[in-house]
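Enquirer: following is a predicted model, sequence given first.
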Amino acid sequence: MGILLIAVSFNWFGASSTDLTEKTDRAIHLVRTSGMLVFEMVKYPLDVDERSVTLRNVATVDLCVVRLELIRADGSIGGQYPAPPQRWLRCGGAGGFDPIPPRDSLVITGSQLPDCPECFFAERVKLRVWYIARNIYNQDDPEVSADEMQFVEALIIYPGLASPEVCIPPEGTPAVFLASVDPLTRAADPPGEIPSARYDKLYVSLRHANPLVSTPQTFTFKFAGSDSSGILTGDLRVDTSSEQAVGGPMDSIRAPFWVMASSETYTVIPNEFYFGAYNDPSSGLVHVSGIGLITQYITWIGSYPIVTTVVVELAKQNFDVDATVPIRVRLIDCKGNVLADVSRAVRVPAGIEFDRFFIDLPLSSPILAFKVYVVEVRVG
């Protein structure tokens with residue numbers, strides 16, 4: 001009986017010692033890997049193909065990245081990789097990232113980075129990366145290892161999901177952005193009219209040309225009013241953003257009217273501009289005399305410029321009277337979809353004939369410049 005008890009005791013001691021050793025080993029790995037995965041670079045633009053995250057292992061053991069999450073301000077998970085119902089990735093091989101050796105890095109790109117369908121443009125979210133030491137990860141049953149997993153986080157500005165770019169000219173198609181259209185119109189006598197002689201000019205500015213060439217290119221601008229029309233043609237340079245004049249004989253046209261731009265060598269975007277007009281009881285005819293689009297590049301959105309502001313120039317007939325009128329700005333794509341629709345009341349004070357107004361566009365959904373085909377500015 002005594003010998004039996006001694007044998008059982010030794011077996012128990014051996015099992016306990018092995019279990020204690022394993023637990024101690026796992027605890028040591030947890031300490032050694034705590035905070036030992038760091039972000040080297042995070043790039044999260046609108047274009048999914050341009051997204052990239054680089055992680056570096058500063059621990060002394062191999063690490064496995066097993067899950068990625070986007071955490072919103074309220075703590076909810078906005079997006080995750082792998083997609084449900086799968087919770088954890090394997091370490092190496094198909095269906096997972098390769099283990100990261102000590103002092104080495106892992107680059108995660110494109111579709112491996114989670115999307116957040118409910119996130120709005122420029123929302124602050126946390127990119128959370130779950131990881132674990134390779135030699136304590138149970139790949140066959142990852143849930144067993146869940147308590148030993150750790151995470152690191154990086155705060156990012158979410159760009160919003162990329163909308164289908166159906167209106168953007170295909171790669172290789174010569175295209176240029178028509179950033180401003182400013183016809184010489186009269187404020188009075190008669191108001192809103194483009195004169196038929198001497199002053200029948202149009203000032204335009206071109207930006208973001210691709211390809212960028214130094215030789216002048218021929219552009220045509222058609223005017224269509226309620227009862228008249230006209231055409232101006234000129235050779236313009238696409239390698240400068242300065243205003244350029246297009247002139248020539250043309251019949252008188254009075255606002256409201258459309259201006260439609262085209263070229264045989266470049267796709268012109270936007271290519272239609274509407275100049276609205278309104279007969280105000282006190283200040284006479286108030287009309288749109290110029291339209292401009294301010295664009296800028298935002299690194300986390302992508303390689304395309306976006307339209308942030310519409311510049312509207314208004315002219316009023318009666319010089320000595322205030323004019324407060326509503327204006328409505330709409331940007332429309334090649335399919336007729338409205339990209340932006342903004343209305344506001346503006347005031348042209350007494351003592352001036354022309355005034356400019358800057359209409360900021362909502363950033364909840366960024367507007368890619370080369371998706372804007374029609375610009376409408378209506379008055380009244």
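Expert: Looks like it came in fine.
Enquirer: give me the buried positions along stretch 267-278.
Expert: By neighbour count, with 16 or more other Cβ atoms under 10 Å as the criterion, the buried positions of stretch 267-278 are 268-278. Backbone N, C-alpha and C define where each C-beta goes, glycine included.
Enquirer: ok, those residues vs C91, which is closest?
Expert: Taking Cβ to Cβ as the measure, I269 is the one of these closest to C91, at 47.7 Å.
Enquirer: re the thing from before, tell me the one of the buried residues of stretch 267-278 nearest I168?
Expert: Relative to I168, and with distances defined as Cβ to Cβ, the nearest of the buried residues of stretch 267-278 is I269, at 8.7 Å.
Enquirer: can you give me the buried ones in stretch 201-213?
Expert: By neighbour count, with 16+ other Cβ under 10 Å as the criterion, the buried positions of stretch 201-213 are 201-202, 204-210.
Enquirer: tell me the helix or strand right after the helix or strand bottoming out on mean pLDDT in the chain.
Expert: For the chain, counting by mean pLDDT, DSSP states H and E, helix 2-33 ranks last in confidence among helices and strands (a mean of 49). Elements were assigned by DSSP states H and E; along the chain past helix 2-33, the next helix or strand is strand 37-43.
Enquirer: list the neighbouring strands of that following strand plus their orientation.
Expert: Each strand that pairs with strand 37-43, with its direction, by DSSP bridges: strand 52-57 (antiparallel).
Enquirer: chain center to whatever helix or strand comes next after the strand it pairs with: distance?
Expert: Scanning forward in sequence from strand 52-57 by DSSP H and E, the next helix or strand is strand 63-71. Taking Cα atoms, centre = their mean, to the nearest Å, one finds strand 63-71 lying 25 Å from the centre of the chain it belongs to.
Enquirer: before we move on, what about stretch 47-54?
Expert: Taking Cα atoms, centre = their mean, one finds stretch 47-54 lying 14 Å from the centre of the chain it belongs to.
Enquirer: now stretch 337-349
Expert: Stretch 337-349 has its C-alpha centroid displaced from the chain centroid by 22 Å (Cα atoms, centre = their mean).
Enquirer: for that stretch, buried residues please.
Expert: 339-340, 346, 348.
Enquirer: let's have these in a markdown table, adding distance to F151, secondary structure and pLDDT.
Expert: A markdown table is the format used below for those (distance: Cβ to Cβ, whole Å; DSSP: H, G, I helix; E, B strand; the rest coil; pLDDT from 0 to 100):
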| residue | distance to F151 | secondary structure | pLDDT |
| --- | --- | --- | --- |
| L339 | 38 | strand | 92 |
| A340 | 39 | strand | 93 |
| V346 | 51 | strand | 95 |
| V348 | 57 | strand | 91 |
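Enquirer: which ones are touching the nearest residue to I71 once chain neighbours are set aside?
Expert: Excluding the flanking residues, the one nearest I71 by Cβ to Cβ, 6 or more residues apart in numbering is K126, at 4.2 Å. K126 makes contact with 70-71, 153-156 under the criterion Cβ atoms under 8 Å, 6 or more residues apart in numbering.
Enquirer: so is K126 in a helix, a strand, or just coil?
Expert: Here K126 takes the strand state, with states given by DSSP: H, G, I helix; E, B strand; the rest coil.
Enquirer: so what pLDDT did it get?
Expert: pLDDT, K126: 96.
Enquirer: what does T173 give?
Expert: The predicted structure scores T173 at 91 on the pLDDT scale.
Enquirer: is it in a helix, a strand, or coil?
Expert: coil.
Enquirer: so it makes contact with I269?
Expert: No: checked against Cβ atoms under 8 Å, the pair T173 and I269 is beyond contact range at 10.5 Å.
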